[in-house]
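Peer 1: Structure of the sequence below:
(2 chains, ligands or ions: 1)
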Amino acid sequence: MNINIRMWGDDKESAAVRPAFEEQVRRTSRQAYAVARRLTGNAEEAEDLVQESFVRAYRFYHRYDPNLPFASWLFRIMTNLHIDAARRRSRFRLFSLDSQSEATGAAYEPADPADSPETRLLDQEVDASLNLGLRGMNPEFRTALVLSDVEGLSYEEIAEVMECSIGTVRSRIHRARKILREYLTQSAPHLIPPEAGR
Amino acid sequence: MTCSLFKRLVDAYVDSELDGAEAMEVWRHADHCPDCARELARARYVKVKMEEGAGHGLPDGLEDRILLATTGSVSPAAKPEVLRRPVWAWGLTAAAAAAFAIMAIALLRPTPAPPPTTASAAEDSIYSEGFDPLAIPIPAPASARTASFGP
Ligand SMILES: [Zn+2]
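Peer 2: Down below sits the predicted model:
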């Protein structure tokens, strides 16, 4: 992808901005990557999303209000980029869990314990399954859930990042997690622990 | 509490986002309704797995690439192969640079600084003409309710 290298002039403002921004990058890049990784479901897209988010954050750093935690502001940029990209993609292909499981049955194949290598961990399977479930859902649901479960934000904080009401956050998270548990139960019932199984 | 109300509240419950009275009702219901108790266990299971699976470390060099793409700075650690070069290599590099400089001076006439390229000028105008990176519209919730899941 193209990354625009922003060269600030040698004015006083940029001299002050640079170290402050670099400190923000060091403090938040790890969290940002963890969120992006779940939002996109893969390492390459996650890197692109994180990098593009920071590029925008730097470009508009003069608009950053220090009363808001930098991470929240960064997440707002990141989630807007992510939702926007997901919408643009979905204009070209409708991607729902229904079409995924019917049209491309091979999209998710529960591993057969008999022939899978011993090194294959159950957790990796759950993880892959969660990523598939996340990928098939509406990007607003996915974003709200990832901010809650990966970043540990409260509903109020998510409402601030996503610029919506707490009630909307609550409904998005409910629907996202419902989709995931139904997806796991149907596509990979062997991954569900007995006390949570049908 | 009905089972359908329980199922609507269960996710806010596992996120500790219900008030005390509501949370107590949810807890009580799960205590005597095995079906809803399983729903609660599934909601918790998904939440825990979402948290656990997110422990990816930062990829090598990503922070440096971010800094390079934003402030343009390169940390010394970003170029370990340069730092580890033997001393004689620096001598060769200096000699090559000097030779190149002499050739460059001989071959090139001074030229005025180029004007900004049209691409970057257009790009800058996007950002100066009221484009707001934070205001990519989020569609109304009604259109957001399109995700579907099997029968
Ligand atoms: Zn019940």
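Peer 1: what's the helix or strand encompassing A:I158 packed up against?
Peer 2: With elements delineated by DSSP states H and E, A:I158 resides in helix A:155-162, which encompasses its position. Of the remaining helices and strands, those touching helix A:155-162 by 3 or more Cβ pairs under 8 Å, 6 or more residues apart in numbering or on different chains; DSSP states H and E are helix A:70-92, helix A:139-149, helix A:166-187. The C-beta positions use only the backbone N, C-alpha and C, and glycine is treated the same way.
Peer 1: looking at those, which is closest to B:S73?
Peer 2: The stretch from the helices and strands packed on helix A:155-162 with the least distance to B:S73 (Cβ to Cβ) is helix A:70-92; that distance is 17.9 Å.
Peer 1: Only C-alpha atoms, please: export that closest one in PDB.
Peer 2: What follows is helix A:70-92 as a C-alpha-only set of coordinates in PDB (Å, rounded to 0.1, in the frame of the first residue of the first chain):
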ATOM      1  CA  PHE A  70      -4.800   9.400  22.500                       C
ATOM      2  CA  ALA A  71      -5.700   5.700  22.200                       C
ATOM      3  CA  SER A  72      -9.400   6.500  22.000                       C
ATOM      4  CA  TRP A  73      -8.700   9.000  19.300                       C
ATOM      5  CA  LEU A  74      -6.600   6.600  17.400                       C
ATOM      6  CA  PHE A  75      -9.200   3.900  17.700                       C
ATOM      7  CA  ARG A  76     -11.800   6.300  16.300                       C
ATOM      8  CA  ILE A  77      -9.600   6.900  13.300                       C
ATOM      9  CA  MET A  78      -8.900   3.200  13.000                       C
ATOM     10  CA  THR A  79     -12.500   2.000  13.300                       C
ATOM     11  CA  ASN A  80     -13.700   4.600  10.800                       C
ATOM     12  CA  LEU A  81     -11.000   3.400   8.300                       C
ATOM     13  CA  HIS A  82     -11.900  -0.200   9.000                       C
ATOM     14  CA  ILE A  83     -15.700   0.200   8.700                       C
ATOM     15  CA  ASP A  84     -15.300   2.400   5.600                       C
ATOM     16  CA  ALA A  85     -13.000  -0.200   3.900                       C
ATOM     17  CA  ALA A  86     -15.400  -3.000   4.800                       C
ATOM     18  CA  ARG A  87     -18.300  -1.200   3.300                       C
ATOM     19  CA  ARG A  88     -16.500  -0.400   0.100                       C
ATOM     20  CA  ARG A  89     -15.600  -4.100  -0.200                       C
ATOM     21  CA  SER A  90     -19.100  -5.300   0.500                       C
ATOM     22  CA  ARG A  91     -20.400  -3.200  -2.300                       C
ATOM     23  CA  PHE A  92     -18.600  -5.600  -4.600                       C
END
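Peer 1: in that helix, what counts as buried?
Peer 2: Using 16 or more other Cβ atoms under 10 Å in any protein chain shown as the test for burial, helix A:70-92 gives A:70-83, A:85-87.
Peer 1: Could you list every helix and strand in contact with it?
Peer 2: The criterion is 3+ Cβ pairs under 8 Å, 6+ apart, and the helices and strands that helix A:70-92 contacts are helix A:12-40, helix A:43-59, helix A:139-149, helix A:155-162.
Peer 1: what about these, which gets the closest to A:K178?
Peer 2: Within these, the stretch nearest A:K178 is helix A:139-149; the backing value is 9.3 Å (Cβ to Cβ).
Peer 1: Please work out the average pLDDT along that closest one.
Peer 2: Averaged across helix A:139-149, pLDDT comes to 96.
Peer 1: same question, stretch A:70-81
Peer 2: Per-residue pLDDT values over stretch A:70-81 give a mean of 95.
Peer 1: Kindly report the same for stretch B:6-15.
Peer 2: The average of the pLDDT scores along stretch B:6-15 is 96.
Peer 1: check whether that stretch contacts chain A.
Peer 2: Yes - with Cβ under 8 Å from any Cβ of the partner chain as the criterion, chain A is reached by stretch B:6-15 at B:8, B:10-12, B:15.
Peer 1: Now a ChimeraX select for only the buried ones of those.
Peer 2: In ChimeraX, this line selects whichever of these come out buried by 16+ other Cβ under 10 Å:
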select /B:10,11,12,15
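Peer 1: Inside helices: which ones of the residues of stretch B:6-15 next to chain A?
Peer 2: Where these overlap with helices, as defined by DSSP state H, the overlap consists of B:8, B:10-12.
Peer 1: So A:D123 versus A:L130, what's the distance?
Peer 2: Here the distance between A:D123 and A:L130 works out to 10 Å (Cβ to Cβ, to the nearest Å).
Peer 1: what does B:Y13 give?
Peer 2: Shown here: B:Y13 relative to A:L130, a distance of 20 Å by Cβ to Cβ.
Peer 1: any idea which helix or strand comes after the helix or strand of chain A with the lowest mean pLDDT?
Peer 2: Within chain A, no helix or strand scores below helix A:97-103, which has a mean of 36 by mean pLDDT, DSSP states H and E. Read in the C-terminal direction, the helix or strand following helix A:97-103 is helix A:122-135, with elements assigned using DSSP H and E.
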